[in-house]
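below is the sequence, then the predicted model.
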Amino acid sequence: MSRNHSIAILAGDGIGPEVMKQAVKVLDVACARFGFTVEREHCLVGGAAIDAVGCPLPQDTVQVCEKADAILFGSVGGPKWENLPPDEQPERGALLPIRKHFGLFANLRPGVCLPALKHASPVKNELIPNGFDVLCVRELTGGIYFGQPKGRHEENGDIVAIDTMVYKKSEIERICRIAFTAAMARDKRLVSVDKANVLQNSILWRETCIEVSKDFPEVELSHLYVDNAAMQLIKQPASFDVLVTGNLFGDILSDEMAMISGSLGMLPSASLGEQNDNGLYFGMYEPSGGSAPDIAGQGIANPIAQILSLSMLLRYSLGENEAADAIEAAVNAAIDSGLRTGDLYTGADGETKVSTDEMGDAIVTALQV
Ligand SMILES: NC(=O)C1=CN([C@@H]2O[C@H](COP(=O)(O)OP(=O)(O)OC[C@H]3O[C@@H](n4cnc5c(N)ncnc54)[C@H](O)[C@@H]3O)[C@@H](O)[C@H]2O)C=CC1
Ligand SMILES: CC(C)CC(=O)C(=O)O
Ligand SMILES: [Mg+2]
């Protein structure tokens, strides 16, 4: 298999370019150490693209992504663009269309609280005696974010807003298969999250998940309503192994999982399509959080979610597993040495508060060893 790869880099808005700079430094070192090449093309996306060329997803960007092996994405959006018509905003005009265009239906979000970060987690440490390690498998190209009709209109002097939640059985089945397969490689426990006491979508979701479970008899399947799941994640975080859920619920629960892990700045993600013949995927890799306008431009954002997203890209799209493992080890080493960006810093003994750049440099140094 060729070890000359190519990726599209879409840094986007807010902290996107700041944390992307760190991931690119890490990529340079990974290439040198493990003897492969990654051609990179930087493209406009989101608010940055609106400002430069007037639209959030320029055709040039799509074309570069189509030719690449994978997309490394930062984040898009921010107050500057939130009064544009919804379809022209960075999120609905770029991020969601990229996910749909490339058929990236499987969003993997590994929430892991590293042992050294246990006290940065807002949950009581006795609830995560052996840490927190949960994989959220979120359906990404269906559900209420994409269903039609969508919009607003006037009716009898009032204003009506409509979003439609639609799931086809085939869409539920394929994401459940991904989740069961992931569970087989882990602790073989899967919780499916829905709202089957209210929603037709969720009734179909639950039925389908049970059908798929017949092909994975070793996996212990259970079901939670989403409100209870949000509560149980806080009450007994260590009881979870893999979660599978729809687009909206996965969006919300994965932020909660990130916080249990210590910070939203720790949670990477892979958005994958179908597996190709060589066992790899075309995918887009991005932090689970957004553009964090409240801290953008200050050089204090945590770059780890972006760097771990790069590691997922190397593993799932390029097959560079050794480099992916080494990046994860380098992140752990930087955290073990006590370095903390502001979001993780608690003031405990042995912690040193560092900038985005300093955290990136520490991970680069650990990777060079
Ligand atoms: N994939 C994407 O591009 C996403 C974009 N967004 C967009 O981002 C913008 C801001 O959204 P918010 O709701 O504020 O969510 P957000 O995820 O950007 O920020 C939520 C909180 O987490 C913190 N945070 C996030 N990432 C961090 C990091 N790496 N290091 C340290 N702290 C971090 C932020 O400072 C903020 O306090 C909006 O325009 C939203 O639509 C939101 C989520 C995903
Ligand atoms: C525009 C949103 C759907 C992005 C988001 O919050 C996410 O994917 O987690
Ligand atoms: Mg989200």
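Nice, thanks for sending it over. Ligands and ions are numbered 1, 2, ... in the order given.

mind giving me the packing neighbours of the longest helix seen in the chain?
When the chain is parsed with DSSP state H, its longest helix is helix 16-34. Contacts defined by 3 or more CB pairs under 8 Å, 6 or more residues apart in numbering; DSSP states H and E place helix 16-34 against strand 4-12, strand 37-42, strand 70-75, helix 304-316, helix 321-336, helix 356-368. Every C-beta, even on glycine, is put in place using the N, C-alpha and C of the backbone.

and these as TSV, adding distance to ligand 1, mean neighbour count and mean pLDDT?
Shown next, in TSV, are the helices and strands packed on helix 16-34 (distance: least, CB to the nearest ligand atom, whole Å; neighbours: other CB atoms under 10 Å; pLDDT from 0 to 100):
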stretch	distance to ligand 1	mean neighbour count	mean pLDDT
strand 4-12	6	22	98
strand 37-42	16	16	98
strand 70-75	4	28	98
helix 304-316	6	27	98
helix 321-336	13	19	98
helix 356-368	8	20	98
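
and the gap between whatever residue of the stretch 151-300 of the chain ends up closest to ligand 1 and ligand 2?
Here the residue of the stretch 151-300 of the chain nearest ligand 1 is Gly290; by CB to the nearest ligand atom that distance is 2.4 Å. Separation of Gly290 from ligand 2 (CB to the nearest ligand atom, to the nearest Å): 6 Å.

before we move on, what about Ser192?
For Ser192 relative to ligand 2 (CB to the nearest ligand atom), the value is 19 Å.

then Arg177?
From Arg177 to ligand 2 the distance is 21 Å (CB to the nearest ligand atom).

what's the closest non-adjacent residue to that residue?
The spatially closest residue to Arg177, leaving aside those adjacent along the chain, is Val212, at 5.9 Å (CB to CB, 6 or more residues apart in numbering).

mind listing what's buried in the helix or strand harbouring the one you found?
Using DSSP states H and E, Val212 falls within helix 200-213. Buried residues in helix 200-213, defined by neighbour count with 16 or more other CB atoms under 10 Å: Asn201, Ser202, Leu204, Trp205, Arg206, Thr208, Cys209, Val212, Ser213.

now do the helices in the stretch 51-200 of the chain.
In the stretch 51-200 of the chain, the segments counted as helices under DSSP state H, counting those that start in this stretch are 59-67, 90, 96-101, 169-184, 200-213.

adding mean pLDDT, write the ones you listed out as JSON lines.
Output for the helices of the stretch 51-200 of the chain, formatted as JSON lines (pLDDT from 0 to 100):
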{"stretch": "helix 59-67", "mean pLDDT": "98"}
{"stretch": "helix 90", "mean pLDDT": "98"}
{"stretch": "helix 96-101", "mean pLDDT": "98"}
{"stretch": "helix 169-184", "mean pLDDT": "98"}
{"stretch": "helix 200-213", "mean pLDDT": "98"}
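
brilliant, that's me finished.
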